[in-house]
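> coordinates for the following, if possible.
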Amino acid sequence: MNIVILCRANSCRSQLAEALFRKHLGNNHNVFSAGLEPEEVNANAVKTMAEIGIDISNHTSKTVDDLPNIEFDYVITVCNSAKERCPVIPGNHKSIHHWFPDPSKVKGTEEEIATAFASVRDEIDEYAREFVSNL
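Take a look at the predicted model:
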C-alpha cells in the first residue's frame with residue numbers, strides 16, 4: 001500500500017503523520033508526506049517525536065513533485081489549505097481529509113508549545129492507529 005499525507009508546509013503535521021503511519025503500518029507499506037509550500041521541518045516536531053522514540057531528524061520537507069512516481073492508494077490531507085488546494089495526484093486512490101490543529105501556530109511558553117505539539121502528535125497517533133485497524 002502507498003500513502004501520501006499532504007499539508008501546506010510539510011513541516012509539522014504531515015511529518016508527524018508520516019512517521020506515525022509508518023509506525024503502525026510497518027515496513028510492508030510506503031508512507032510519504034509532502035506540502036504545497038514546503039518549509040523546513042519544524043524542530044518542535046522533531047523533538048516531540050523523539051519523546052516517543054521516533055527519530056524524524058532526517059526528514060525533509062518536499063512537494064508532491066518530489067515524490068516517487070508511484071500510484072497511491074490513499075491521499076490524506078491534514079490541513080484545510082491542503083484540502084482546498086490539493087494538487088492533482090494521478091491514479092485511482094481514495095482521498096481522505098482529516099484536519100488536525102497546527103501546533104506551530106501556538107504562542108506561549110516552551111512548556112505550552114511542547115504540550116501543543118504532544119497533543120497533536122497523540123491525536124495523529126490515534127488517528128493512524130484507527131486507520132490501520134480499519135484496513
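> for the lowest-mean-pLDDT helix or strand in the chain, buried residues please.
One helix or strand of the chain scores below all others by mean pLDDT, DSSP states H and E: helix 80-85, with a mean of 75. For helix 80-85, the neighbour count (16 or more other C-beta atoms under 10 Å) marks 81-83 as buried. Where C-beta positions appear, they are placed from N, C-alpha and C, glycine not excepted.
> and if you look at stretch 113-121?
113-114, 116-118, 120-121.
> nearest to residue 1 among those residues?
residue 121 (22.6 Å; C-beta to C-beta).
> residue 113 contacts residue 102, doesn't it?
No - Residue 113 lies out of contact with residue 102 (C-beta atoms under 8 Å); the separation is 11.9 Å.
> coming back round to it: inside helices: which ones of the buried residues of stretch 113-121?
Within the buried residues of stretch 113-121, residues falling in helices by DSSP state H are 113-114, 116-118, 120-121.
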